[in-house]
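1. The sequence and its predicted three-dimensional model are supplied below.
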Amino acid sequence: MKLESSLRARRDDGAKLLVPYVTGGLGADWLDVVRAVCDAGADAVEIGIPFSDPVMDGPTIQEASSRALADGATPAGIVADAAKLDVDVPLAVMTYYNPVHHAGHERFASSLADAGIDAAIVPDLPVDELDAWAAAADAVDVETVLLASPLTPDDRLAVICERSRGFVYGVSLLGVTGARTEVAAAALEMGRRLKAVTDRPALIGLGISTGEQAVEAAAVADGVIVGSALIALLLDGGGPEAAGSFVCQLREALDA
Amino acid sequence: MAKTARGATVQLGAPGVEPEGLGRFGEFGGRFVPETLVPALIELEDAFRTAWTSDDFRAEYARLLTDYAGRPTPVTECRRLSDRLGVRVLLKREDLTHTGSHKINNVLGQALLTQRMGKHRVIAETGAGQHGVATATAAALFGLDCTVFMGAVDVERQALNVWRMRLLGAEVIPVSSGSATLKDAINDALRDWVATVEDTHYCIGSVVGPHPYPWMVRELQRVVGDEAREQSRVLLDGNDPDVVVACVGGGSNAMGTFAGFLDTKARLVGVEAAGHGLESGRHGASITRGVPGVLHGARSLYLQSEDGQILEAHSISAGLDYPGVGPEHAALAADKRAEYHSATDDEALAGFQLLAGTEGIVPALEPAHAIGWLAREAGHAVPAGSTVLVTLSGRGDKDAAQVAERLGADLG
Ligand SMILES: Cc1ncc(COP(=O)(O)O)c(C=O)c1O
């Protein structure tokens, strides 16, 4: 339980948690981007495995995924590359379910474990369909992070929080990934609902794109996930340095 | 029997069996969606289950099928085509429905359900444009807002249908991501739906998607098979056809047809798009060449790369240009209750011309695949003298310009 224990320890030290998302295979230097965001103060990193049909993603991450695929990224290749990362924060993969299903649950789970990846987030695998994957993941200590939505009713929210490992991913709004200009009211409500039912780290993600927004969302939860805003920087030609300084700003805002 | 201006109302057959558990057809189906959509799918499942066994919903739906869609559609005996092929061909005439394809059966049911759920907007994906036109039509009829997602490639090759949808008051959004065809239109419809699900119903056009769609759409299309079975028995002295054939994109006209014949001895044949040929890699034959996977909410058979990326499909017909198939077909194939074959673009074009020339019926390019397959296999996989029912899922008006160009006609 490396992801969860590490996030719990940081939280118990009084820190607000910061988890950036990086699309695997986006640019030849994507591993350096991961290293840079770790150095800049990330508490964990989500590595996106690009998929041909990313239905939960808005234009930014769609573009990142198709560029990575065009450059020859494959799920196995991303995982093998990630094994070379010697960073000191936990890593999670963010992947649609088909690549997992295609590889086979056991094979995919053990490839993560062998690569030193601690957790998996599979946004199109809701708790009702989880068992087959979770059995394989649990067996090799890969933590499966579940998502909770503003529309999730209370009884279901309790089940999700109970079954999630690592942290609970509170979806901040109704919609796909993509930077937004303000924190949705739903995000604040989501944070409060999660904190009321679970002691597991509760992070808010989707749309968070500035230090100010991160602080606002983290106030009602344990921290935030930042994806599209970071990816937009990379798509615009930014590299490890730009990514690092962006994450550094977020870190400073959260620590202030 | 309720009276209508057309005489007797359509008689709906008994509801068919529900899938097991969480929408499972054998090992296929399920509900693989983002958490945000789960509550809406549970609501939809409950609403449909209640409606589908309620007398007033069924009566209202049957009335719409009769007075508005023009059902029942006839089964036409094709004498000249039968002489030509040496098998006895009957056509189930979905081309004669209002809007020109079987898609109307499904959308009228889903529009009624949308109203019952208190939602005021529908969204839909469309390939050939037939489902988009049908959805826009039902939206106009029910006073619902309507947005249709359509691949940019399809917007181009089905320009007439795009105009029809706009005329009917729908907003048509061209989708240029990915292969810019049906699969990508579904992706964008799903992306819209996660943002709007509280007041919007996603009117899926085939037996694909997460539970309850494959079951619900099959039930809303089973009127095709239920009618055809009774009508065939009249024409065949109480017998069922030896072979029942339908084209398969997502699989709704085929599943609706098969539903009426599952418990008979009829051979059930689904015809997929072989595009430029199965060996060319440019086709839409997801049962013949696909492998198990999960896309758009369901475990089924999909065309995929070695590492699980979904491949682009290819077909001359926009409605068959989809790299997957409904989960119930995957299960019927696994159980060998139905067989799945394919016809190439050229065979479909030949079927298109053959039916026009022998029977005076211009088919849509999608069912032209079924005709093309039959023309190829009559006397071979379909023994001479067999009786064959083919579902003619739609009419060819939408394809006339494209086929004319392909055949080198000069339209001036
Ligand atoms: C006339 C016609 N037939 C068939 C299809 C394919 O769909 P399905 O396989 O769901 O019947 C379409 C889809 O657009 C169509 O317009």
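-> The structure has been received and is ready for your questions.

2. mind checking the SS state of whichever residue of the stretch 1-150 of chain A sits closest to the ligand?
-> In the stretch 1-150 of chain A, the residue that lies nearest the ligand is A:Asp53 (18.9 Å; C-beta to the nearest ligand atom). From N, CA and C alone the C-beta is placed, and that goes for glycine too. Here A:Asp53 takes the coil state, with states given by DSSP: H, G, I helix; E, B strand; the rest coil.

3. List the contacts of the residue of the stretch 301-412 of chain B found nearest chain A.
-> Nearest to chain A in the stretch 301-412 of chain B, going by C-beta to the nearest C-beta, is B:Gly308, at a distance of 2.9 Å. Residues in contact with B:Gly308 (C-beta atoms under 8 Å, 6 or more residues apart in numbering or on different chains) are A:75, A:98-99, A:101-103, B:293.

4. Pick out the most distant pair among the residues you listed.
-> Farthest-apart pair in those is A:Pro75 and B:Gly293; separation 13.1 Å (C-beta to C-beta).

5. so the closest residue to B:Gly275 other than its chain neighbours is in which element?
-> Sequence neighbours aside, B:His283 is the residue nearest to B:Gly275 in space, at 3.5 Å (criterion: C-beta to C-beta, 6 or more residues apart in numbering or on different chains). Under DSSP states H and E, no helix or strand contains B:His283.

6. so how far is A:Asp57 from B:His283?
-> The gap separating B:His283 from A:Asp57 is 28 Å, by C-beta to C-beta, to the nearest Å.

7. again, but for B:Glu77
-> In this view, B:Glu77 and A:Asp57 are 52 Å apart by C-beta to C-beta.

8. Neighbour count: those two, which is higher?
-> A:Asp57 (27 against 14; other C-beta atoms under 10 Å in any protein chain shown).

9. quick one: low-confidence parts of the stretch 301-412 of chain B?
-> Low-confidence segments of the stretch 301-412 of chain B, defined by pLDDT under 70: B:412.

10. now the strands for chain A?
-> A:17-23, A:45-48, A:91-94, A:119-121, A:143-148, A:168-171, A:202-205, A:223-226 (DSSP state E).

11. Helices along chain A, start to end?
-> Under the criterion DSSP state H, helices of chain A are mapped to A:2-12, A:30-39, A:59-70, A:75-82, A:97-103, A:105-114, A:131-139, A:154-163, A:185-197, A:211-218, A:228-235, A:240-255.

12. Equivalent analysis for the stretch 51-200 of chain B, please.
-> For the stretch 51-200 of chain B, the helices defined by DSSP state H, counting those that start in this stretch cover B:55-63, B:79-85, B:103-116, B:130-142, B:152-157, B:159-167, B:182-196.

13. Can you name the residues in contact with the third one?
-> This means helix B:103-116. Counting by C-beta under 8 Å, 6+ apart, B:44, B:47-48, B:51, B:57, B:60-61, B:64-65, B:68-69, B:71, B:97-98, B:122, B:124, B:130-131, B:133-135, B:137-139, B:141-142, B:144, B:201, B:203, B:205, B:216-217, B:219-221, B:223-224, B:252, B:256, B:394 sit against helix B:103-116.

14. out of these, which are buried?
-> B:44, B:47-48, B:51, B:57, B:60-61, B:64-65, B:68-69, B:71, B:97-98, B:122, B:124, B:130-131, B:133-135, B:137-139, B:142, B:144, B:201, B:203, B:205, B:216-217, B:219-221, B:223-224, B:252, B:256, B:394 (16 or more other C-beta atoms under 10 Å in any protein chain shown).

15. Next to the ligand, which bits of the stretch 301-412 of chain B? Give me the list.
-> B:319-320, B:364, B:366-367, B:393-394 (C-beta under 6 Å from any ligand atom).

16. who touches A:Ser164 in this structure?
-> A:144-146, A:200.

17. roughly how far apart are the residue nearest to A:Ala229 when sequence neighbours are not counted and B:His369?
-> Closest residue to A:Ala229 apart from its sequence neighbours, by C-beta to C-beta, 6+ apart: A:Ser209 at 3.4 Å. Using C-beta to C-beta, A:Ser209 is found at 48 Å from B:His369.

18. Mind checking which of the two has more residues around it?
-> Per other C-beta under 10 Å, whichever of A:Ser209 and B:His369 has more neighbours is B:His369, with 37 against 21.

19. I'd guessed the more buried one sits against B:Ala348; true?
-> Yes - using C-beta atoms under 8 Å, B:His369 is in contact with B:Ala348, at 4.5 Å.

20. Check which residues of stretch B:264-282 are buried.
-> B:266-276, B:282.

21. make that stretch B:329-344, sorry
-> Buried positions in stretch B:329-344, judged by neighbour count with 16+ other C-beta under 10 Å: B:329-334, B:338-344.

22. what's the nearest residue to A:Ser110 once chain neighbours are set aside in contact with, if anything?
-> Spatially, and ignoring its direct neighbours in sequence, A:Ser110 is nearest to A:Val140 (5.3 Å; C-beta to C-beta, 6+ apart). By C-beta under 8 Å, 6+ apart, A:Val140 lies in contact with A:109-110, A:112-113.
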